[in-house]
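Undergrad: fold the following and give me the result.
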Amino acid sequence: MRHTTPIRRAVLACTLAAAGHAGAADGAAPPSYAPDYFAQFQAVSAMEMVNKLPGFVFEGGNVGRGIAGNVLINGKRPTSKTEPLNDVLGRIPTAAVDRIEVINSGAGGIDMQGYATVANVLLKPMDLVSASTTASSTVMPDGSLEPSVDGNYSLKRGDKSINVSLAWRRSPDTGQGHGTRTTSYADGGPDAELTLDGAGINENKTVKLNYGQDLLDGQLTWNGAYNPWTYQSQQAQVHTDSGSYAQASNDNAGRTREQGLAYTRDLAHGASLDLKLQYRSAEVTANSTYTSGSSTSHALTTTSASEQIVAGQLTWPASDHVVIRGGIERAVNSNDNTNRYQANDQAAAVPGVGAWVQESRVEGQLSSAWQVDHTLSAEAGLKIEHSSLNTSANQQEGRSYVYPKPRLRLSLSPSSALQLRLRMEREVSQINFYDAAGYFGMGDKSLRADYPDLVPAKTWLCEGALEYRFWERGAAVLSYTQAHISDVIDRMPIRTATATVDAAGNIGDASTDSVTGMLNLPTDSWALPQGLLKLSTTWRSSSVTDPTTLTARRLSGEQPLAWRVEFSQDLPAQRTAWGVSVDNGWSNDSWQVGERDSSSGSGWARAFINYRPSSNTMLTLELNNLASRTTTYDRVHYTGNDRFASNVDFVEHNINRTQPYAMLRLRRDW
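TA: Model (predicted):
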C-alpha cells in the first residue's frame, strides 16, 4: 500500500486549482438573508430559518465528542457540550434575528472547524422577552401515549441575558418489537427457535440555565445543565418447540451535569480573545437480569466519567484579507467502569473486567485564513497534540504521544454560482474508553507483552468538492474523499498455546474512498410552488487486512451505500407545511476474532404536516416508520473462538419487526 498517495494527489490538486485561478471570473460576496426572506416559509425560530437557507445542509455536530456544528451565533459557537445545536437555535425567535450569513471561507475571522460552509446567525442588539411551551405525545398503534413537555424562557435587557429551559420527556424504544431468533448448528443438530417480544421506555428530565453579561469590556457567559434519565426494557423469549419461557430485562439510570464559563473580548487593532472553562460529568448504572425457569442471573455495571476543558484562542486580522488565529486547549477525560455478575447458585457476585482510564490532552494550534481575492480563499494551519493515557491496572503503563495535525483548504469561485473546494488534513482519533479499558484491563498482562500499546488512529484525508447553485434555492454538490488511516483500531487476536483472546488493538493501515452527492431541486416550475425536492447519497469503499484471517475486508461498521429522498412544501395561504422522506436504512458488518456480525435495517419512511392556527401557535402531526422497519442481526460463530482456519460452529439469525407510530406536538410562543 502506497502511504503517500493521498498526499501526492492533494498537492497536485491544489497546484491545479492555483493554476486555474488565473482565468477565474468575478465571484459574488457571501449571501446574506434577512428575516423577510423567511416569511414565505412561516419560520418562527432561528432553527427553522437555517433549515430554509438555499443549498445549506445543517450539521449539528457531536457535542459529546467536542465536534462543533456548522452554525454560529454572532460568529461564536455555543459553549455547552450537553445541549444540541438545534435546541439552541430553536429557542431563538425570528424577531431576535437581524440576518443570517452563509460563509464559504474563514477569511472573515470565522473558524470553519473543518466545514466547507457555515451559517452565521447575527442577532439584533435589542431588548427581548420570549417564551415557548411545547406539549407532545408519541402515539403507538395500540393507542398507548407517552407524553412530553418542554418550556423555555428568555430575557434580554441591555447587556444582560438569561435563558431557562425545563423539559420532561417520555418516549418508547421504537427499536423494540416482535421478532424471532433461529440458531443453526454445524454439527447437524436441530435448529433452536425463539420468538421475541420486547418493549422499552426512555424518560428524561432536563434543567438548563444560561446567563450572560458584559464584563471588563468583554462578554461573559455561564451555562449549567442537569439531566437525570432512566431506561427500562423487557424482552420475553419463548422456545417454539418446548414452549419454555425466559425473560431479559434492563433497568438503567444515569445523570449528566455540566458547567461552562466563556469570556470573549475585543482587543486593539481588531483582535479578539476567547477563553473557555468547562466541566462535565456523567454517571450510569446498568442493571440487567435474565430469568429462565428457576435460573436467574444478574449483571450490574457502573460507570462514572468526567471531562475538564481549559481553552484560549486569540484571533488577529493581520490585514484586510489575512486572519491569523492561535490557541491552546487542555482537556482531561476520565472513565471509571466496574461490573459484577451473579447467578442464583452463586453465594456472591463475581467481579468482571473493569478499569479506570484517564486521557490527558494538550493541543496548540496556529492557523491563517487568506482571502486572496473575491474568487479565491485559502486556510492553512497546524495543530500539535500531546496526549497521554493512564489506567488503574498499572500507572506505569501510561504513555505519552505527540501528533502533528496540519491542514490546508482552498476555495475557488470561478463564478457566483460555482465553487470548487479542496481540503487536505491529518486527523487523530480519540481512543474509545471501553476499548482502552478492555485492552489495559486484561487480567494477564503477559498476553499482550509482545503487542504494541493501544494508540489513536491517524488519518490523512484528501477531499475535493464541486458545488453549483441555480435558480433561487437550487444547489448541487458532488464531493470525493480519499483517506489513508494508520493504526486502525478494531478487534484483534492475542494467541497463546491454550487460548485465543479477543482484545481491542491497532490492526494496521487502511484506505477508504467515498463519493457524496446532494441535489436540492425547487419544484416551483412543476406546479408545486414553494416545494423543494432533496436527494442525497453516499457511496463508501474501504480496505484493511483482517488481523485474524490476514485477508482483505472492509472496515467494521462501514455502510457501503446510503441514500435519502425528501420533499417538503410550504403553503403560506393555507398556513400549512407538509413533507415526506424515505431512506434505504442501513447495512454493515463487523468482525471479531471468533465471529462475524451483520446488521441491517430496512428503509425508514416519514411524513409530517404543520398547521398554524395563529402566528404564534403550531400544531404538528408526524407519522414515523410508515414502512414498518425490519431489522436483522446475524452472528456467524467459529469453533475455538477463532476465525483463522476454523469451521463455523453455529449461525444465529435474529429478525425484529417494528411498528409505525405517530407524534402529536403543539407549540405556543409567547
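Undergrad: any low-confidence regions in the stretch 51-200 of the chain?
TA: For the stretch 51-200 of the chain, the stretches with pLDDT under 70 are 62-67, 81-82, 105-109, 114.
Undergrad: show me where it has strands.
TA: 71-73, 97-103, 118-123, 128-139, 145-157, 160-172, 178-185, 192-215 (DSSP state E, counting those that start in this stretch).
Undergrad: strand 145-157 and the fourth one, what's the angle between them?
TA: Which is strand 128-139. Here strand 128-139 runs at an angle of 170 degrees relative to strand 145-157 (axes from the mean of the first three to the mean of the last three Cα atoms, to 10 degrees).
Undergrad: other SSEs contacting strand 128-139?
TA: strand 145-157, strand 160-172, strand 661-669 (3 or more Cβ pairs under 8 Å, 6 or more residues apart in numbering; DSSP states H and E). C-betas here are computed from N, CA, C, even on glycine.
Undergrad: what would those strands look like in JSON lines with mean neighbour count and distance to residue 477?
TA: Shown next, in JSON lines, are the helices and strands packed on strand 128-139 (neighbours: other Cβ atoms under 10 Å; distance: least, Cβ to Cβ, whole Å):
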{"stretch": "strand 145-157", "mean neighbour count": "16", "distance to residue 477": "34"}
{"stretch": "strand 160-172", "mean neighbour count": "16", "distance to residue 477": "33"}
{"stretch": "strand 661-669", "mean neighbour count": "17", "distance to residue 477": "30"}
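Undergrad: can you lay out those strands as TSV showing distance to residue 263?
TA: Below are the helices and strands packed on strand 128-139 laid out as TSV (distance: least, Cβ to Cβ, whole Å):
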stretch	distance to residue 263
strand 145-157	19
strand 160-172	15
strand 661-669	31
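Undergrad: closest to residue 118 out of those strands?
TA: Ranking the helices and strands packed on strand 128-139 by proximity to residue 118 (Cβ to Cβ) places strand 160-172 first, at 22.7 Å.
Undergrad: how many other residues sit next to residue 474?
TA: 17 (other Cβ atoms under 10 Å).
Undergrad: and the closest residue to it other than its chain neighbours, bridged to which residues?
TA: Of all residues not flanking residue 474 in the chain, residue 522 sits nearest, at 5.4 Å (Cβ to Cβ, 6 or more residues apart in numbering). Per DSSP bridges, the residues bridged to residue 522 are residue 532.
Undergrad: still on that earlier bit, possible to save the strands of the stretch 51-200 of the chain as TSV with distance to residue 300?
TA: As requested, those are arranged in TSV below (distance: least, Cβ to Cβ, whole Å):
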stretch	distance to residue 300
strand 71-73	41
strand 97-103	49
strand 118-123	44
strand 128-139	30
strand 145-157	27
strand 160-172	25
strand 178-185	25
strand 192-215	19
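Undergrad: pull the contacting residues for the nearest residue to residue 534 once chain neighbours are set aside.
TA: Of all residues not flanking residue 534 in the chain, residue 566 sits nearest, at 4.2 Å (Cβ to Cβ, 6+ apart). Contacts for residue 566 (Cβ atoms under 8 Å, 6 or more residues apart in numbering) come out as 533, 534, 579, 580, 581.
Undergrad: go again with 10 Å.
TA: 520, 532, 533, 534, 535, 536, 579, 580, 581, 582, 583, 606 (Cβ atoms under 10 Å, 6 or more residues apart in numbering).
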